[in-house]
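>>> Below is the sequence, then the predicted model.
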Amino acid sequence: MPARPEGQATMVSLALLTEASDAAIVAEGVSRIFGPLRAIDRLSVVIPRGVIYGLLGPSGSGKTTFLRMVVGALRPSEGRLLIFGTPMPDRKIAARIGYMPQSPALYPDLTLRENLAFFGAVYRVPRQQLEHRIDELATDLDLLAWLDHPLYRFSTGMLQRASLAIALLHEPDLLVLDEPTIGLDPLLRRVLWQRFRTLASAGTTLLISTHSMDEAERCDLLGFLRNGRLLASDTPAALRAATGQESLEDAFLVLAGQPILPVEPAR
Ligand SMILES: Nc1ncnc2c1ncn2[C@@H]1O[C@H](COP(=O)(O)OP(=O)(O)OP(=O)(O)O)[C@@H](O)[C@H]1O
């Protein structure tokens, strides 16, 4: 009875095709090779639009390398990487992406307003919109009182928010954030995550790298990365269920083939 299985196969591949063609990010066997090192090793994933996708992995697992390929700053050594259906790197698509690198790339001697105006010109935000956008972002990110102060006077948390404001300036469709809340206090983390959720609800796709299990729990979808390989990619609940673990940390260890050591009771 070949007709039915064939029909089913067609339906499945059509479903995959539709999912992929509509996706924000499609990676097909993407690698990035530095000399003898495969920093990203044949990574395949489909990330739909309007979700928060977390990339979780230990230091050196390849998170930043993957993010840099997504924003077009690095070329894949192998495979295909499509953003909104277009192979990267591509200038037009890059203009639809907001990137917040791990260390804020800002001008410390300029005021926040001057930094925002500079990047606004780089992103070609129309002049008549720019002033309004600067005020809006400074209000949303609680930086209004600091708009005319130079950045060298800003705390770490304020710099993180300034960096996020710059990534959001041109209202990107895809926001790529490299450990955006590292070193921030819990209240500020919560504020930023509320902001991320609002953006996703409005249709923005967010790709966020993190070390933190607590943040991983807040993502719609999660990819576990280790030694450049994507070990699994699913919802946090599905990853826990598939591994039979209660915590994402233990789910990660199971998928990484590492032993789960008992936690020492507090003294
Ligand atoms: N330009 C480069 N040249 C050579 N090796 C590189 C380069 N960029 C990254 N690597 C190596 O690739 C591997 C992955 O690095 P990457 O920065 O992507 O990891 P990461 O998961 O983001 O780490 P962290 O959480 O510490 O930021 C590391 O071994 C790193 O040393």
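Yes, it's here. Numbering: from 1, shown residues only.

>>> Now do the contacts for residue 92.
With contact set as CB atoms under 8 Å, 6 or more residues apart in numbering, residue 92 has these partners: residue 86. (C-beta placed from N, C-alpha, C; glycine too.)

>>> The one 3 residues further on too?
With contacts defined as CB under 8 Å, 6+ apart, the neighbours of residue 95 are 123-124, 170.

>>> Columns secondary structure, pLDDT and neighbour count on top of the residues you listed, output as a markdown table?
Output for these, formatted as a markdown table (DSSP: H, G, I helix; E, B strand; the rest coil; pLDDT from 0 to 100; neighbours: other CB atoms under 10 Å):
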| residue | secondary structure | pLDDT | neighbour count |
| --- | --- | --- | --- |
| 123 | coil | 86 | 16 |
| 124 | coil | 86 | 10 |
| 170 | coil | 90 | 20 |
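
>>> restrict these to contacts with the ligand.
When CB under 6 Å from any ligand atom is applied, no member of the contacts of residue 95 is adjacent to the ligand.

>>> so can I have TSV of those showing distance to residue 148?
Listed next are the contacts of residue 95 as TSV, based on distance: CB to CB, whole Å:
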residue	distance to residue 148
123	21
124	24
170	22
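
>>> And the helices in the chain?
3-21, 63-70, 91-94, 112-122, 127-140, 156-168, 186-201, 213-217, 236-243, 248-255 (DSSP state H).

>>> among the ones you listed, which is nearest residue 81?
Closest approach to residue 81 among these (CB to CB): helix 63-70, 5.8 Å.

>>> Please name the nearest non-neighbouring residue to residue 78.
Counting by CB to CB, 6 or more residues apart in numbering, residue 78 lies nearest to residue 31, which is 4.1 Å off, once chain neighbours are set aside.

>>> and the one you found, what does it touch?
Counting by CB under 8 Å, 6+ apart, residue 31 has contacts 38, 40-43, 76-79, 228.

>>> and the spatially most central residue of the chain, what pLDDT?
What sits nearest the mean C-alpha location of the chain, by CA atoms, centre = their mean, is residue 207, with 1.9 Å. Residue 207 is assigned 98 on the pLDDT scale.

>>> Nothing else from me, thank you.
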